[in-house]
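> Sequence first, predicted coordinates after that:
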Amino acid sequence: MSQPLSKNTYLPRKSKVALFYIALVLAALLWFTPVITLVLTALKDAGDFAINGAFSLPKSIRWSNFGEAWDTGVKNYFWNSVFVTSLKVPVGIVIESLAAFALTHMHFKWADRVFTYILIGLIVPMQMTLVPLTLLMNALNLIDTLTGLTILYIGFGVPFGVLVMRGFFRTVPTAIIEAARIDGCSWFRIFYRIALPLALPAVVSLCILDGVATWNEFILAQIFLRSDELRTLPLGLVQFSTQFSTQYDQLAAAVLISVVPIVLVFLFFQRYFVAGIGGAVK
Amino acid sequence: MKSAKASDDHLRFLPWLFLAPALAIYSVVVVYPMVYSAWLSLFRWDGVSPTKVFVGLENYGILLTQNDVFWIALKNNAIWLVAALLLPTNIGLGLAILLNSKFRGSHIFRSIFYFPSVLSLAVVGLIWTWIYHPDLGLLNQALSASGLKALRRNWLSDPNIALYPVIIAATWNAVGLPMLLFLAGLQTIPEELHEAAKVEGAGPIQRFLYVTFPLLRETTLIVLAITAINALKAYDIIYAMTNGGPANRTQLLSTWMYFLTYNYNQVGLGTAIAVVLFSLTLIFAIPYIRLMTRKT
């Protein structure tokens, strides 16, 4: 018996929905295969991996991979990343929001020109700065220090931070600022008592995007950190992979450890990713 | 009168004070090195000796005429760019349209498809290196298991194809951003427009072409610009997966700059490559910056 080909009656609605879900679930599974492979590899021992490959359930779950990876150096890399990120993000936010506030609410004649000047930093390839930065860091004795690396991160973070904060400050109504001015409130007080609290969601968004970006940064760390005990996670992991190229179980465990903080942030603050990226293109 | 004038003067100077910390560190860390790099590209210098020899545009001449890897890298950048403008953008748009409707679980699916974007490219590179492993890797095992043994390859060590597996891995990471941007763009399109088009008898494809897509024009421009700029910045993932090999066949301008500067001490050539890379970026960046500053 042939069905009429009109779109709505071709398939009953229920089976259409089911098909949609099945297709989506399959696509999502395929998309997530690399992550599943990573988790499975981290949970099995090297022998199991060599025989059964990556994509099979572990014969027995081997939690000790994590402890071993942690002790082989991941511990250092992890705490270095924590140090750099927790120093970079707050300092960055303070200077970026001060600048963004001046560009949006302080009737600043040069605002457009300064903003364009700052935006250039969004597009510049890192390679364009490396050699002079090497000379500069050398002269200041900051090569192979986490502090030096953090200073570079703060500088490179300015364009994106100003862009996001400016996007949100622009949504703060001028009337509120003007009213505070008339009441004799100083600009600095307006900034931290009115504008900043109103832009709190933006601050959270920026903290998260910036924190993830700092946690993941590779090239500056590669150029400016030399000794193994100072390496941050992405750099340390790549190093780890060349050193222990056959110990997939431990390497996978190391990668997983580095990803856990990101996953937690992602799960708890997901909507801020969207808000922050939205703020950057507003 | 006097106090009003004083406050005016005060006002002129105060914004600079708010801007000072950000501008100072940004100028020292980003802008000054950029300008200095461009200047250094006019010298022959090994990076350590006290004398730099001014050679004008000679470094650019050497790159164009004597440096084969420069051309490989340039071609690879072009391939990478085309792939980046086609794959993550279209996949991101498709996912955004699919996931824009509110159905049960749509948020979970958004998270799943966005997730690779929060991973570092070093991590993405490592994970995919295992997938491409000739014997133990998932890809070859899956090909064998499904009877496609003939398609098995040494994905990352075959000089003829090594770039493409890396691009696939990079795409996996790059889809999230366009998806989010398109989702944000779709949410600004009023539902009534779709309803109206439906009433007029427009099917889903027509509604996409004549309602959704024109209204996503600005989002599309931003997505294309950001994707192109990011594509030209690619570096970490090459370093993690192939390190430019085999036989320099997966070098990009960014990685080749690193090799010349830090492994071969050719600072003049290295900075010249950086300038070439930056100029390529500007092609996409100038319209982007125009767009971002237009609305002031």
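The structure has been received and is ready for your questions.
> And the residue of chain B closest to chain A?
B:Val29 (2.6 Å; C-beta to the nearest C-beta). Heads up, the C-betas are built off the backbone N, CA and C, glycines and all.
> so how many other residues sit close to B:Ala24?
Using other C-beta atoms under 10 Å in any protein chain shown, B:Ala24 has 13 other residues around it.
> I meant A:Thr171, not that one.
By other C-beta under 10 Å, neighbour count at A:Thr171 equals 12.
> Repeat that for the one 4 residues further on.
The burial metric for A:Ala175, expressed as a neighbour count using other C-beta under 10 Å, is 8.
> Mind pulling the model confidence for it?
Predicted confidence (pLDDT) for A:Ala175: 91.
> so it is in which element?
Using DSSP states H and E, A:Ala175 sits within helix A:174-182.
> Report whether that helix contacts chain B.
No: judged by C-beta under 8 Å from any C-beta of the partner chain, helix A:174-182 makes no contact with chain B; its nearest approach is 10.2 Å.
> circling back to that earlier point, helix or strand for the nearest residue to the residue of chain B closest to chain A once chain neighbours are set aside, which one?
Leaving aside its sequence neighbours, B:Val29 sits nearest to A:Gly155 (C-beta to C-beta, 6 or more residues apart in numbering or on different chains; 2.6 Å). For A:Gly155, the element it lies in under DSSP H and E is helix A:146-169.
> list the contacts for whatever residue of the stretch 51-200 of chain A ends up closest to chain B?
Closest residue of the stretch 51-200 of chain A to chain B, C-beta to the nearest C-beta: A:Gly155 (2.6 Å). Counting by C-beta atoms under 8 Å, 6 or more residues apart in numbering or on different chains, A:Gly155 touches B:25-26, B:28-30.
> hmm, 6 Å instead?
A:Gly155 makes contact with B:25-26, B:29-30, according to C-beta atoms under 6 Å, 6 or more residues apart in numbering or on different chains.
> Make TSV out of those and add secondary structure, distance to A:Ile22 and neighbour count.
Shown next, in TSV, are these (DSSP: H, G, I helix; E, B strand; the rest coil; distance: C-beta to C-beta, whole Å; neighbours: other C-beta atoms under 10 Å in any protein chain shown):
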residue	secondary structure	distance to A:Ile22	neighbour count
B:Ile25	helix	52	20
B:Tyr26	helix	50	27
B:Val29	helix	51	24
B:Val30	helix	49	23
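> which pair in those residues spans the largest distance?
The distance between the two most remote of those (C-beta to C-beta) is 8.7 Å, for B:Ile25 and B:Val30.
> Check the gap between B:Leu57 and B:Pro33 for me.
Noted for B:Leu57: a distance of 21 Å to B:Pro33, by C-beta to C-beta, to the nearest Å.
> Which residue of the two possesses the greater neighbour count?
Neighbour tally, B:Leu57 and B:Pro33, criterion other C-beta under 10 Å: the higher count belongs to B:Pro33, 25 against 11.
> which residues of chain B fall in strands?
All strands of chain B, identified by DSSP state E, fall at B:43-44, B:53-54.
> Check those strands for me and report the most buried one.
strand B:43-44 (a mean of 17; mean count of other C-beta atoms under 10 Å in any protein chain shown).
> What pairs with it, parallel or antiparallel?
Take DSSP bridges as the rule and strand B:43-44 pairs in its sheet with strand B:53-54 (antiparallel).
> Can you get me the centre-to-centre distance for the strand it pairs with and its chain?
34 Å (C-alpha atoms, centre = their mean, to the nearest Å).
> And for stretch A:269-282?
12 Å.
> Name the residues that touch that stretch?
Contacts to stretch A:269-282, defined as C-beta under 6 Å, 6+ apart, come from residues A:163-164, A:167-168, A:201-202, A:204-206, A:208-209, B:180, B:184, B:222.
> What of stretch B:126-144?
The contact list for stretch B:126-144 (C-beta under 6 Å, 6+ apart) reads A:34, A:37-38, A:53-55, A:241, A:255, B:151-152, B:154-156, B:165, B:169, B:240-241.
> try 7 Å
A:34, A:37-38, A:41, A:49-50, A:53-55, A:237, A:241, A:248, A:255, B:149, B:151-152, B:154-156, B:165, B:169, B:240-241 (C-beta atoms under 7 Å, 6 or more residues apart in numbering or on different chains).
> again, but for stretch A:229-244
Applying C-beta under 7 Å, 6+ apart, the set of residues contacting stretch A:229-244 from outside is A:73-74, A:76-78, A:80-81, A:84, A:144, A:146, A:215-218, A:221-222, A:225, A:250-251, A:254-255, A:258, B:120, B:122-123, B:126, B:239-240.
> and A:Ile123, what does it touch?
Counting by C-beta under 7 Å, 6+ apart, A:Ile123 touches B:229, B:281, B:285.
> How many neighbouring residues does the closest residue to the second one other than its chain neighbours have?
With sequence-adjacent residues excluded and distances taken as C-beta to C-beta, 6+ apart, B:Thr281 is closest to B:Leu232, at 5.0 Å. The local packing count at B:Leu232 equals 25, with neighbours defined by other C-beta under 10 Å.
> how near is B:Tyr239 to B:Thr129?
From B:Tyr239 to B:Thr129 the distance is 11 Å (C-beta to C-beta).
> What of A:Arg271?
33 Å.
> Before I go, just wanted to say thanks for your time.
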